[in-house]
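A.B. asks: what would the 3D arrangement of this be:
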Amino acid sequence: RYAKLIDAPLSDYTFANNIIWLSQKSGFYRIIEDCFCLFSLNGHCLTMLLPPLGHAARQPAALDACFRIMDAYNPSPYLSVVEYVYRDFTDRMGNTEDRWLMERSLPDYIYRTDDLIQLKGNAYKTKRSEINQFRRAHPDHRLEPLGPPHWEGIRGLLNTWLHNRLKYLTGESIADFFYTVEQERQAIERALTHYDTLGLHGLCLFIDNRLEGFTFGERITPDVGNVLVEKTNFAIPGSAQYLFREFAKLFSDCTFINVGDDLGGLENLRRVKMSYRPALFGEKMTLRRNAA
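C.D. replies: Alright, predicted model coming up:
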């Protein structure tokens, strides 16, 4: 309800997205100045996962109260931060240069839904070719709406995906990869556990009666769809491109589809998301007080 007052097209501003990614943290909230204030406790550090959500006139006072709460807990005021701040929020705080230090975060990739479905023009020539190659090689493939009967197949595919990815990793990137993958695995498990309650929608891709791909998401706003997770057996050429396009069709009544950021700056993921020609980037900031 509070997120609808903001109407930001960012993947971080949905109930489901926050619930599934909070598996490694303690999340709790308070209503302050009639604003929804979402906090995160990670180790000995108290931060905010979002700025206060509410009417614009109430947000500055709510933000000040939230910083007082964080400062009372944290050993240093520098640890008191607000993550994933949407662009418009920074315009209504006043005296930003004097009081606040804003650092750019990794942006969301946002596409025109029709572009992802139609794949028209030279920019998408390779995508069309990969999909056609997949359909010729696997004429017996099928899609099913994702649901509880697929949970074990999804877990098996995740193991296969991890095994295949490890073959192409260099030594210095393995530690970061495992950290990110474990976070994602726990997020997927939490999403499956609460799938119906969260109102998620997804598809599974079967080849020779074997689950070789899955994806699920939701709506951020009535006009913006959101892809939370997509995984395919990348040893099967074209399967990822095919599944992505078919899932986009579920949001054909939306102008845009958001696919989130690149999970901490993973270069391969960034290249893939850029190859689909984003229509715009969902800007996000991290907010601290100006120590000066």
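A.B. asks: tell me which helix or strand Leu243 sits in.
C.D. replies: Per DSSP states H and E: Leu243 is located in helix 239-248.
A.B. asks: now do that helix: everything it contacts.
C.D. replies: Helix 239-248 has contacts (CB atoms under 8 Å, 6 or more residues apart in numbering) with 113, 116-117, 119, 127, 130-131, 134-135, 138, 141, 143, 202-203, 205, 207, 212-215, 217, 225, 227, 230, 232-234, 257. Every residue, glycine included, has its C-beta placed from N, CA and C.
A.B. asks: if we go to 7 Å?
C.D. replies: 113, 116-117, 119, 127, 130-131, 134, 143, 203, 205, 212-213, 215, 227, 230, 232-234, 257 (CB atoms under 7 Å, 6 or more residues apart in numbering).
A.B. asks: mark which of those are buried, thanks.
C.D. replies: 113, 116-117, 119, 127, 130-131, 134, 203, 205, 212-213, 215, 227, 230, 232-233, 257 (16 or more other CB atoms under 10 Å).
A.B. asks: and those, which of them are in helices?
C.D. replies: When DSSP state H is applied, these are split such that 113, 116-117, 127, 130-131, 134 fall in helices.
A.B. asks: what about the strands in the chain?
C.D. replies: 26-32, 35-42, 45-48, 82-86, 100-104, 108-112, 142-145, 201-207, 210-221, 224-232, 256-258, 280-282, 284-289 (DSSP state E).
A.B. asks: distance to Met70 for the ones you listed - can I get that in TSV?
C.D. replies: TSV is the format used below for the strands of the chain (distance: least, CB to CB, whole Å):
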stretch	distance to Met70
strand 26-32	12
strand 35-42	8
strand 45-48	5
strand 82-86	9
strand 100-104	14
strand 108-112	25
strand 142-145	42
strand 201-207	36
strand 210-221	27
strand 224-232	28
strand 256-258	28
strand 280-282	25
strand 284-289	10
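A.B. asks: out of those strands, flag the one nearest Gly156.
C.D. replies: strand 210-221 (7.2 Å; CB to CB).
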